[in-house]
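>>> Make a model of this:
(4 chains, ligands or ions: 6)
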Amino acid sequence: MGRALVTLDLSVDLGRGLILDNPILVASGTFGYGVEYGEVVDVQRIGAICCKGTTLKPRAGNPPPRVTETPAGMLNSIGLQNPGVKGVLERYAPHWAGWQVPVVVNVAGESVDDYVEVARRLEGQPGIAGIELNISCPNVGKGGLQFALDPDGAGAVTAAVRAATDLPLMVKLSPAAPDVRTIARAIADAGADALSATNTLSGMAIDRRRDRPLLGNTYGGLSGPALKPVALRVVYEVAQAVRIPIVGIGGVGSLDDVLDFMAAGAVAVQVGTAVFADPTLPVRLIDELAAHCRAEGLQTHRQLVGCALPARRERPSTKGVEYLP
Amino acid sequence: MGRALVTLDLSVDLGRGLILDNPILVASGTFGYGVEYGEVVDVQRIGAICCKGTTLKPRAGNPPPRVTETPAGMLNSIGLQNPGVKGVLERYAPHWAGWQVPVVVNVAGESVDDYVEVARRLEGQPGIAGIELNISCPNVGKGGLQFALDPDGAGAVTAAVRAATDLPLMVKLSPAAPDVRTIARAIADAGADALSATNTLSGMAIDRRRDRPLLGNTYGGLSGPALKPVALRVVYEVAQAVRIPIVGIGGVGSLDDVLDFMAAGAVAVQVGTAVFADPTLPVRLIDELAAHCRAEGLQTHRQLVGCALPARRERPSTKGVEYLP
Amino acid sequence: MKLLSGELLESRQLLPGQWLQRFHAPWLAGGAQAGQFVHVRTPDYSGLVLRRPFSINTFDRRSGEASIHFRVTGKGTEWLARMRPGDQIEMLGPLGRGFEVDPKSRHVLLVAGGLGMAGVRALADEALADNRQVVLLFGASTAREVYPSSLLPAEVEYVVATDDGSFGHSGRVTDLVGRYEAWADQCFACGPEPMLAAMARLAATRHQRLGVARLAGRGRGRQSPRGSSVARRRAWLQVSMEQNMGCAVGACLGCVIMGTDGPQRVCREGPVFASEEIEWDARW
Amino acid sequence: MKLLSGELLESRQLLPGQWLQRFHAPWLAGGAQAGQFVHVRTPDYSGLVLRRPFSINTFDRRSGEASIHFRVTGKGTEWLARMRPGDQIEMLGPLGRGFEVDPKSRHVLLVAGGLGMAGVRALADEALADNRQVVLLFGASTAREVYPSSLLPAEVEYVVATDDGSFGHSGRVTDLVGRYEAWADQCFACGPEPMLAAMARLAATRHQRLGVARLAGRGRGRQSPRGSSVARRRAWLQVSMEQNMGCAVGACLGCVIMGTDGPQRVCREGPVFASEEIEWDARW
Ligand SMILES: Cc1cc2nc3c(=O)[nH]c(=O)nc-3n(C[C@H](O)[C@H](O)[C@H](O)COP(=O)(O)OP(=O)(O)OC[C@H]3O[C@@H](n4cnc5c(N)ncnc54)[C@H](O)[C@@H]3O)c2cc1C
Ligand SMILES: Cc1cc2nc3c(=O)[nH]c(=O)nc-3n(C[C@H](O)[C@H](O)[C@H](O)COP(=O)(O)OP(=O)(O)OC[C@H]3O[C@@H](n4cnc5c(N)ncnc54)[C@H](O)[C@@H]3O)c2cc1C
Ligand SMILES: Cc1cc2nc3c(=O)[nH]c(=O)nc-3n(C[C@H](O)[C@H](O)[C@H](O)COP(=O)(O)O)c2cc1C
Ligand SMILES: Cc1cc2nc3c(=O)[nH]c(=O)nc-3n(C[C@H](O)[C@H](O)[C@H](O)COP(=O)(O)O)c2cc1C
Ligand code: FES
Ligand code: FES
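Numbers count the residues shown, from 1 in each chain, chains lettered A, B, ... in the order given. Ligands and ions are numbered 1, 2, ... in the order given. I've put the predicted structure just below:
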């Protein structure tokens, strides 16, 4: 027992030298730049912070309202408000350079060139631990999402960014892809180090007076527990299609959710929406996961990864047989 | 007031003579064949019943477990268990023929020929008020879903069934289509009388022991309140793309939900998952909708349809402007 | 079957994590049969959308009271365990088909594993009321999980097995069946599926072991279709099955398991089945 | 800013559908400034995932008590209204920037529309404690929605307008501002956005109507950047804005509105802003 306590290894290798102390990350857009929650959260303990989506030029984002609640979830249409890559490097990277927690910059764009240029500017900058390519943001008119729904587009943007940077590169999938496995394969083949899955699903809400959509931008991305079954399905499908590490995202709000994503094939998870209700959740999940692993006598949480995948069990038939009544 | 009470018109014309007394339907697969809830629900008051998906040959469906709960929703993988069109006509149509409530037969298949053959057999049978074409069922290996994600496939199956039957024809959309408007247009152009939106989203859950997926069939369809923001978005998009009536489906559980779908462009709604918790809900919603319309001084609920659509208001910009900070 | 609201009269922790709740629900108590279940609503809690099925543990037509006995295993049961006397709980029931006791059966063997006790508990009352002799075999993992005999009628012969041997027989409850299989005219079992499958294997080979000629029974069986009340009554073993449920009234096909005659709805054709009706090693 | 748990001491329906809840929350009461807010958690109810923001209606550093005053408008407030004394409520606060009162201001005008009362209520206490004169203009739709004067310190001059004229002035609360705009050194408003926009128009033209030379003020303003405490203190009108929120700490950009200097987070740069900071007819 004493020995197990000492040797428990929760580290995660996301490729190209990006090794996290533990598998609990915070999701892009829900934890700002890591500085905002500092008063209430022990930020340095988190596995990694994915910062708000960063574009080449500053963006003012979408008109309000930008968020609303839905059953067991929420919609957001921030519209990628951010100070641009230059602003991010000036304002936040100096802080990050002194931090223990790695910060992964979430990168968004409307063209392959946009993505490449942002990646190039991040390359070699102190404080930048890696890149998460957001090819799946449903909240901007052009751009993002088209790359996420088409294997060729996804492969092309990944390859271009890969060529432009040696930073660890994680690509974030959309749950809306008709066959997410082909997208994931294209991304892996193009040289991504890891995948994160998933971003939000496009949804909407109606204003209380029912004379207009509630969100200023009409559509918003659905996140939170409501999304979890879909995100879990994506992780499970992708885990059977690629060999690079997968970070699960979507409605993580408890240790059970973490374990579900791991069983489906994720080596780590990101916590997003749940941070709003419970900012200390990510740090608590690290402790709960460690306690769980110890109770189960594991050396590392990685022993849990993929336990529910079909390789380990008999595969059920996928369609009902016909019978004569 | 007295006059309003007399003249309130909740009827819905779904085309080709399928006129419903009121816009509250029950969704396929959640209300069986209309006979199961008879002891607790005043079934004849419902706007219409969409019966369980019917295939050419009988099907045994998927292995258990077939349902589980998820946050504000559920997954099902029934796998289209049904006695086949012959069985449905023998066992249930004779009852339906004597009913006041119209029964719409939900039709599923794996090929265009399957759909056409089922439609042909339903044609002219007493008790069959119309057809709902389920081209979007995510729970069968082959079949269904491929038609729902591709405009050509959706158009082809609709046109073929249209040619085979004069029955009122409603086609049910999948929320998973990358651009659901092109699908909807193809279906409308192919001669469908109405659209219903939406079916479920593919999701999954992990077994409690985390050594396998929870559902016997691995994947299941996500329904219930969790789905509502996505379904509402689909209705809102489709309402701007076609002129045929739309029936909204997805997480309807209260009058507010009904009004939201109507504001987004649905002339009627189907109640599915919510029936399980509250079987009398559909009938109560009819009364609540009537009361609402009277309180608002409306002659018909149809005055509420599409109130939130952009035609009636200024369209917001869809993407954030850039600014210099 | 009716939608009704039951007033919680008493809620107590019977065993660690296990609750016994008594309701005033005259319609339910009045119409229930041993082996039937209720579908309980958990409104506005944590985004739950499905009702939860529970066996009708006991019922008393005169007082209009019925009880359920459940283990807290997730959010639905957690919610239920928080309810307090005076709270109204929405229920749909009684549902499904109960146990079929042959009027001629004098010796009734009940076999329960863990929470399966709740499935057969009412049958003990019913059988005693009909002047039958009742043996109840109960299996639990360990002593602290053993259902207290004080909650059973004194007339019941109660035999306990624990996996770890900390109470009663050391081993599986099914180990105990052999002692009573000759004695019992009928047997009724409720518990985890592996236990029921083991019971079914025992039942299938019982006539060989006992050398009982079953030809007569079989001849009669042919006249009553499998799954009919008559056929069930003639089966030596009836089992109460569990499966995840949507509607609980037969509409959604969510609770279907494979039967020897094709798919069966646990909520409608069951939850009680004759063991021969179940395809124990179903291949779909 | 801290995650804390407040014990509900008292919950009462103040006006139809409006609740006043008093909490024991020393950290909150100790650190709060008038105009700040708390983010209240609604756990495990009906699938709610977001906290709910409420103005800190009153606070008392000595007793460690703070209160909120809210209207039931949806599931979150419905849940909160069901809480009972003794219940622990999870809060995050105090959040945002409060009202900036110029130490030299002698006459303070508060303007509240409906629930906007909760936004300025604490400022009345604070201003009186600092020996300022306080006039509070309050607007409601009708008499039964009027905030009871008994809940205000006696020293406050309380003037009411109702839309239907059933109490006080007949018309909008903003109609009353003209009488006090010369008297007031500073004005603080909270209420529906159209009311605040009307207030902003009044404030923008005030110096014209009053013939007050504002050059001096402007000159000094240039040295303190827009949005700074100093600049806000010098603005005649401060408004407390509302917007849907995710995090309430500045991380998610969910609550952003358009300011004259670009996007502003209501939760961080606000909820209180000088009226000049807001782009009232924002085009995104
Ligand atoms: C006919 C029948 C009778 C039952 N009688 C009893 C009883 O008397 N006492 C008792 O403790 N339990 C009984 N069960 C099991 C009981 O229904 C589940 O323990 C309960 O639904 C768990 O709900 P939860 O929210 O706590 O668990 P969760 O695991 O959070 O539930 C998630 C979902 O799975 C379903 N589920 C989980 N476990 C089961 C299960 N074993 N069977 C069916 N559905 C399940 C739930 O209903 C819910 O929809 C019975 C089940 C059936 C089908
Ligand atoms: C800084 C600030 C201070 C506030 N102070 C008060 C107060 O003192 N008293 C009071 O009654 N109300 C106040 N509000 C409004 C209050 O937050 C909402 O009435 C409340 O969130 C509604 O929650 P609900 O679940 O009942 O309504 P629902 O409409 O069901 O809520 C749905 C979602 O929309 C959000 N929402 C709905 N209305 C508003 C609103 N007006 N502002 C922000 N978010 C909203 C909710 O937080 C939730 O996320 C304040 C809002 C802000 C931003
Ligand atoms: C307010 C908000 C802002 C978000 N912004 C971004 C973003 O800028 N880039 C991105 O890739 N994902 C963004 N996301 C998506 C999250 O990172 C995450 O993928 C999604 O919310 C699902 O996880 P959750 O259910 O845990 O929230 C945002 C989500 C929310 C709620
Ligand atoms: C148990 C179950 C079975 C279903 N079976 C069918 C089906 O056979 N055919 C079909 O078109 N849709 C089927 N559906 C989908 C519903 O008709 C409906 O589109 C979906 O559940 C969304 O609505 P809801 O959120 O109100 O449940 C089924 C849904 C459930 C929950
Ligand atoms: S639970 Fe719906 S058919 Fe049994
Ligand atoms: S609510 Fe998240 S930034 Fe203001």
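
>>> which element is the residue of the stretch 51-200 of chain C at minimum distance from ligand 2 on?
Here the residue of the stretch 51-200 of chain C nearest ligand 2 is C:Trp79; by C-beta to the nearest ligand atom that distance is 20.3 Å. Every C-beta, even on glycine, is put in place using the N, C-alpha and C of the backbone. Taking DSSP states H and E as the criterion, C:Trp79 maps to helix C:75-82.

>>> can you give me the offset of that helix from its chain's centre?
21 Å (C-alpha atoms, centre = their mean, to the nearest Å).

>>> again, but for stretch A:229-241
Distance, centroid of stretch A:229-241 to centroid of chain: 13 Å (C-alpha atoms, centre = their mean).

>>> and for it, what are the contacting residues?
Residues outside stretch A:229-241 that contact it (C-beta atoms under 8 Å, 6 or more residues apart in numbering or on different chains): A:173, A:175, A:180-181, A:184-185, A:195, A:197-198, A:201, A:246, A:248-251, A:260-261, A:264-266, A:306, A:308-311, B:70, B:73, B:75, B:201-206, B:213, B:218-220, B:222, B:226.

>>> how near is the residue nearest to C:Ala274 when sequence neighbours are not counted to ligand 5?
Closest residue to C:Ala274 apart from its sequence neighbours, by C-beta to C-beta, 6 or more residues apart in numbering or on different chains: C:Ala235 at 3.4 Å. As judged by C-beta to the nearest ligand atom, to the nearest Å, C:Ala235 and ligand 5 stand 22 Å apart.

>>> Surely C:Ala235 touches C:Val272?
No - with contact defined as C-beta atoms under 8 Å, C:Ala235 does not count as touching C:Val272 (10.3 Å).

>>> So those two - more neighbours on which side?
Taking neighbours as other C-beta atoms under 10 Å in any protein chain shown, C:Ala235 and C:Val272 compare with C:Val272 leading, 28 against 21.

>>> any chance you could read off phi and psi for that one?
phi -90, psi 130 (degrees, to the nearest 10).

>>> C:Leu110 versus the closest residue to it other than its chain neighbours, what's the distance?
Nearest non-adjacent residue to C:Val272, counting by C-beta to C-beta, 6+ apart: C:Gly35, 4.5 Å away. For C:Gly35, the distance to C:Leu110 (C-beta to C-beta, to the nearest Å) stands at 11 Å.

>>> for C:Gly74, same thing?
From C:Gly74 to C:Leu110 the distance is 27 Å (C-beta to C-beta).

>>> what about these two, which has more around it?
C:Leu110 (28 against 13).

>>> pLDDT (mean, whole number) over stretch A:13-30?
If you average the pLDDT over stretch A:13-30, you get 98.

>>> Which positions in the stretch 1-150 of chain A make contact with chain C?
Of all the residues in the stretch 1-150 of chain A, those in contact range of chain C (C-beta under 8 Å from any C-beta of the partner chain) are A:71-72.

>>> How about the contacts made by the residue of the stretch 1-150 of chain A found nearest ligand 4?
In the stretch 1-150 of chain A, the residue found nearest to ligand 4 is A:Pro71; the distance is 10.2 Å by C-beta to the nearest ligand atom. Taking C-beta under 8 Å, 6+ apart, we find A:Pro71 in contact with A:226, B:72-73, B:224-226, B:228, B:251, C:47, D:46-47.

>>> let's see 6 Å
B:72, B:225-226, D:47 (C-beta atoms under 6 Å, 6 or more residues apart in numbering or on different chains).

>>> Tell me the pLDDT of the residue of the stretch 151-300 of chain A found nearest ligand 2.
Nearest residue of the stretch 151-300 of chain A to ligand 2, counting by C-beta to the nearest ligand atom: A:Arg208, 6.7 Å away. Note on A:Arg208: pLDDT of 96.

>>> Next, count neighbours for it.
Around A:Arg208 there are 12 other residues, counting by other C-beta under 10 Å.

>>> Repeat that for C:Leu237.
24.

>>> What separation is there between it and A:Ser11?
From C:Leu237 to A:Ser11 the distance is 53 Å (C-beta to C-beta).

>>> what are the ranges of the helices in chain A?
Secondary structure of chain A, counting by DSSP state H: helices at A:2-7, A:84-91, A:93-97, A:112-122, A:145-148, A:151-164, A:180-189, A:228-239, A:255-263, A:274-277, A:281-295.

>>> same question, the stretch 1-150 of chain C
Here the stretch 1-150 of chain C has its helices, by DSSP state H, counting those that start in this stretch, at C:26-31, C:75-82, C:117-129.

>>> longest single strand anywhere in chain C?
strand C:2-15 (DSSP state E).

>>> What residues does the nearest residue to C:Trp236 once chain neighbours are set aside make contact with?
Nearest non-adjacent residue to C:Trp236, counting by C-beta to C-beta, 6+ apart: C:Ala203, 5.5 Å away. For C:Ala203, the contact set (C-beta under 6 Å, 6+ apart) comprises C:236-237, C:275.

>>> Now do the same for C:Tyr45: its pLDDT.
C:Tyr45 is given a pLDDT of 89.

>>> Please see if the longest helix seen in chain C touches ligand 1.
Longest among the helix segments of chain C by residue count, using DSSP H, is helix C:193-210. No - counting by C-beta under 6 Å from any ligand atom, ligand 1 has no neighbours in helix C:193-210; the shortest distance is 9.6 Å.

>>> Low-confidence ranges, chain C, go.
Within chain C, the segments meeting pLDDT under 70 span C:212-222.

>>> ok, which residues in it are in contact with chain B?
Taking C-beta under 6 Å from any C-beta of the partner chain as the test, the list of chain C residues beside chain B reads C:1, C:3, C:41, C:47, C:49-51, C:243-244, C:246-247, C:249-254, C:257, C:263, C:284.

>>> Return only those of these found close to chain A.
Applying C-beta under 6 Å from any C-beta to the residues of chain C next to chain B, those adjacent to chain A are C:47, C:284.

>>> ok, and does stretch A:80-91 reach over to chain D?
Yes - using C-beta under 6 Å from any C-beta, stretch A:80-91 reaches chain D at A:Gln81.

>>> Just the C-alpha atoms of that stretch, please, in PDB.
The C-alpha trace of stretch A:80-91 is given here as PDB (Å, rounded to 0.1, in the frame of the first residue of the first chain):
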ATOM      1  CA  LEU A  80     -13.900  33.500 -30.700                       C
ATOM      2  CA  GLN A  81     -13.400  36.900 -29.000                       C
ATOM      3  CA  ASN A  82      -9.700  37.100 -28.400                       C
ATOM      4  CA  PRO A  83      -6.900  39.700 -28.600                       C
ATOM      5  CA  GLY A  84      -5.200  37.900 -31.500                       C
ATOM      6  CA  VAL A  85      -2.000  35.900 -31.300                       C
ATOM      7  CA  LYS A  86       0.100  38.900 -30.700                       C
ATOM      8  CA  GLY A  87      -2.100  40.000 -27.800                       C
ATOM      9  CA  VAL A  88      -2.000  36.600 -26.300                       C
ATOM     10  CA  LEU A  89       1.800  36.400 -26.500                       C
ATOM     11  CA  GLU A  90       2.200  39.900 -25.000                       C
ATOM     12  CA  ARG A  91      -0.400  39.600 -22.200                       C
END
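
>>> just to revisit the earlier point, just give me the neighbour total for the residue of the stretch 51-200 of chain C closest to ligand 2.
Neighbours of C:Trp79 using other C-beta under 10 Å come to 20.

>>> got the contact list for A:Ala266?
A:Ala266 neighbours (C-beta under 6 Å, 6+ apart): A:235, A:246, A:248.

>>> now these as JSON lines including neighbour count?
JSON lines is the format used below for those (neighbours: other C-beta atoms under 10 Å in any protein chain shown):
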{"residue": "A:Val235", "neighbour count": "31"}
{"residue": "A:Ile246", "neighbour count": "31"}
{"residue": "A:Gly248", "neighbour count": "32"}
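
>>> Run a quick neighbour tally on residue 185.
Picking chain A for this. 17.

>>> actually it's chain C I care about, not the one you picked
15.

>>> who touches it in this structure?
C:105-107 are the contacts of C:Asp185 under C-beta under 6 Å, 6+ apart.
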